[in-house]
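Student: Dropping a prediction and its sequence here:
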Amino acid sequence: MTDSTPQNALWPAPTATGAVHATVTVPGSKSVTNRALVLAAHSAEPGWVRRPLRSRDTTLMADALRAMGVQIDETVNPDGGEAWRIIPAGLHGPATVDVGNAGTVMRFLPPVAALADGPVRFEGDARARERPLGGVIDALRSLGARVEDEGRGSLPLTVHGAGSLAGGAVDVDASKSSQFISALLLSAPRFNKGLELRHTGRLLPSVPHIRMTVHMLRRAGAKVDSPQDGGTRNVWRVAPSALLGRDLTVDPDLSNAAPFLAAALITGGRVTIPGWPQRTTQPGDALRAIFSRMGGSYELGDRGLTFTGTGQVRGIRADLHDVGELAPVIAAVAALADGESELLGIAHLRLHETDRLAALTKEINGLGGDVTETDDGLLIRPQRLRGGIFHTYEDHRLATAAAVLGLAVPGILVEDVATTAKTLPDFPELWTAMLAGPPAPDDRDAPEASAPRTPAGDAGPAGRS
Ligand SMILES: O=C(O)C1=C[C@@H](OP(=O)(O)O)[C@@H](O)[C@H](O)C1
Ligand SMILES: C=C(OP(=O)(O)O)C(=O)O
C-alpha cells in the first residue's frame, strides 16, 4: 500500500439528503464473465457470452485470449445488451498478456498459456507483481509446463507453451487465494490426464468462487469431483474431456451491488437490483443476510432484490472468509453503525488490489474513525466522522466504500474514483443517478428502472454446485 497524490482527480462523494429510493441496474459479474471467456476459449465449438461485464478486468481477459488466437466478436443481443461470440482456435504463442491488476487474468491465464504452442509473456501493474502467483507457477511446473519467472514466484513471467500439458496429480497451497484452484480447474479438462488437485493449506478463502468454477465447468460439460459436494476433503478431480460451447447470460455482479444496497440500509431507503438471481454461487448473495443483520430487510422476487433500510445501522461480528470481496463496503457501513463491529477471517485481503486491511484502517481513521487491524480482520468502533481526502490505492472497492461513507459524511473527496473501472466503469454515473430521483412512495416510481431480468442464473446455486 503506497500513498498516491492527494490532488489526483478528487471526486466529491455526494451526501444523501434523505432516504434513497431507486432501482439500480448493476452490470454483469466480473467473476462469471472471466470464467465464461476462459471456458469458451477451451471449448470444442463456438459459444456466446451475453450481457458480459465490460470493464478493465474483462477487456484485459478478452484481449489476452485474442492475443493467443481466440476470436471474440462483440455484437448486441436482439433484446439489448452486449453479446460476445467466442470462436475458439488453436492457442498460440508468441503472445504478450497484460494482466493489469486482475487476479482472474494473472491466475487463470498461465494454465491456458501452457496449452498454447509457443511462449506467452505475462506482465502487469506494479501491484500485480506483488500479488501471489507461486501456487499456480509451481503447480504448472509439476504438471509438465516450462515457466520462467526470474525465480520470484510472481509476475513478470513467461509460460513456454508446448501445445499440450500432461496434467495429473498436484498439491497446491491456496490459502493466499482461491484463484489458484479455480485457475487450474478451468483449464484441467484440456490436460492430457486431467487433474487431481489437493489443497494443502490450513485455510481456503473465497470458497463460493471455487463453487462457481466447478458449477460453470459442469455446465460446459466437464466431469468434476469437488469436496463441496461429497468428494474427498480438499481434493478436486477433473476428467480430460472436450468442452461444449455454451450460450450463457451473465447475471449482475452482486458484489458490485454492495454500495447501492448499503445506501438503502444507511439512509432508511429502498433500493431494487433487477435481475438478482434466485440461486447463485456469487458471494455477493450473502449481502442479503449480512445487511439484514445490520438492520435492514429484503424481498427477493421476480423484480429482483429489493432492500429496505430503517436508517438504523447495527454493528456486526461477521466472518467474511468466504466473501472477502464484500469487506470494504461492509467496513464502511460498520463505521456508520450505532455499535462496534468485528470483521474476521480476511487476512488474505492484505494480498488484494492493495493491502485492504491497512488501507481501510488508515483512510477511515483519517476521517476521525476508530478502526484497528487485527491478525485476520478489522475492529471498527463508530465515531463521528469528518470530511477529508479518502485515498483509494488503485482499488475499486476502496472507492465504492468511500462513496458509501460520503452518503452520511459531508466533504469526503474520493481520490481516483476512475479506479472503479476495474469492475464497474459507470460507478460515478450510477451513484449520481441513484441519488437524483425524488423519494418515491414506493419503488414503482423509482428512478432509473431499466434492466430486463436475465433468463436464468449462470453462476449456479449458492449451496452445492
Ligand atoms: O475467482 C474469482 O473470481 C475471485 C476470487 C476471490 O479471490 P481471492 O480468493 O484471492 O480472495 C475474490 O476476492 C476475487 O474478487 C474474485
Ligand atoms: C480481489 C478482487 O479482485 P481480483 O480478481 O483482482 O483478485 C476484487 O475484485 O475484490
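Tutor: Alright, I've got the coordinates. Everything numeric here is computed off the predicted structure, so don't read it as measured data. Ligands and ions are numbered 1, 2, ... in the order given.
Student: List, one by one, the residues from the stretch 301-450 of the chain near ligand 1.
Tutor: 324-325, 348 (CB under 6 Å from any ligand atom). (C-beta placed from N, C-alpha, C; glycine too.)
Student: same thing but 8 Å
Tutor: 324-325, 348-349, 351-352 (CB under 8 Å from any ligand atom).
Student: so who does Asn365 touch?
Tutor: Asn365 makes contact with Val371, according to CB atoms under 8 Å, 6 or more residues apart in numbering.
Student: sec struct for it, please.
Tutor: Assigned with DSSP: H, G, I helix; E, B strand; the rest coil, Asn365 falls in the helix class.
Student: how far away is it from ligand 1?
Tutor: According to CB to the nearest ligand atom, to the nearest Å, Asn365 stands 24 Å off from ligand 1.
Student: which residue does this structure bring closest to ligand 2?
Tutor: Ligand 2 sits closest to Gly103 of the chain, with a gap of 2.4 Å, by CB to the nearest ligand atom.
Student: Looking at the residues of the stretch 301-450 of the chain next to ligand 1, spot the one nearest ligand 1.
Tutor: Closest to ligand 1, out of all of those and judged by CB to the nearest ligand atom, is Glu325, at 4.0 Å.
Student: residues near the closest one, how many?
Tutor: Using other CB atoms under 10 Å, Glu325 is surrounded by 26 other residues.
Student: Report the contact partners of it.
Tutor: 206, 255, 283-284, 352, 397.
Student: what ranges do the strands span in the stretch 201-350 of the chain?
Tutor: 224-225, 235-238, 247-249, 270-273, 297-301, 304-308, 317-319, 341-344 (DSSP state E, counting those that start in this stretch).
Student: Over the last one, what's the mean pLDDT, rounded is fine.
Tutor: Along strand 341-344, the predicted local confidence has a mean pLDDT of 98.
Student: Report all helices and strands that that strand contacts.
Tutor: strand 317-319, helix 327-335, strand 378-381 (3 or more CB pairs under 8 Å, 6 or more residues apart in numbering; DSSP states H and E).
Student: Also the first one?
Tutor: With contacts defined as 3+ CB pairs under 8 Å, 6+ apart, strand 224-225 has these neighbours: helix 207-219, strand 235-238.
Student: Turn the ones you listed into JSON lines, columns for mean neighbour count, mean pLDDT and distance to Glu74.
Tutor: JSON lines is the format used below for these (neighbours: other CB atoms under 10 Å; pLDDT from 0 to 100; distance: least, CB to CB, whole Å):
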{"stretch": "helix 207-219", "mean neighbour count": "24", "mean pLDDT": "98", "distance to Glu74": "21"}
{"stretch": "strand 235-238", "mean neighbour count": "21", "mean pLDDT": "98", "distance to Glu74": "30"}
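Student: for the ones you listed, which one sits closest to Gly315?
Tutor: helix 207-219 (24.3 Å; CB to CB).
Student: Is any residue of that closest one near ligand 1?
Tutor: Yes: Helix 207-219 reaches ligand 1 (CB under 8 Å from any ligand atom) through 209-210, 212-213.
Student: ok, of these, which one's closest to Gly118?
Tutor: Distance to Gly118, by CB to CB, is smallest for Thr213 among these, at 26.6 Å.
Student: How about that closest one: what's its closest non-neighbour residue?
Tutor: The shortest distance from Thr213 to any residue other than its chain neighbours is 4.1 Å, reached at Ser182 (CB to CB, 6 or more residues apart in numbering).
Student: How about Arg146, nearest residue that isn't a chain neighbour?
Tutor: That would be His160: by CB to CB, 6+ apart, it lies 4.2 Å from Arg146.
Student: Would you check how far apart that neighbour and Val147 are?
Tutor: Distance, His160 to Val147, using CB to CB, to the nearest Å: 7 Å.
Student: returning to that earlier point: contacting ligand 2 as well, which ones from the residues of the stretch 301-450 of the chain next to ligand 1?
Tutor: 324-325, 349, 352.
Student: So among the residues you listed, which ones count as buried?
Tutor: Taking 16 or more other CB atoms under 10 Å as the criterion, what is buried in these is 324-325, 349, 352.
Student: Pretty sure the residue nearest to Thr213 sits in a helix.
Tutor: Yes: assigned with three-state DSSP, Ser182 falls within a helix.
Student: From what I see, it and Val38 are in contact.
Tutor: No: counting by CB atoms under 8 Å, Val38 is not a contact partner of Ser182; they are 9.4 Å apart.
Student: shared neighbours of these two, which are they?
Tutor: Common neighbours of Ser182 and Val38 (CB under 8 Å, 6+ apart) are Phe108.
Student: most tightly surrounded among the helices and strands packed on strand 341-344?
Tutor: Mean neighbour count, computed with mean count of other CB atoms under 10 Å, is highest for helix 327-335 among the helices and strands packed on strand 341-344, reaching a mean of 29.
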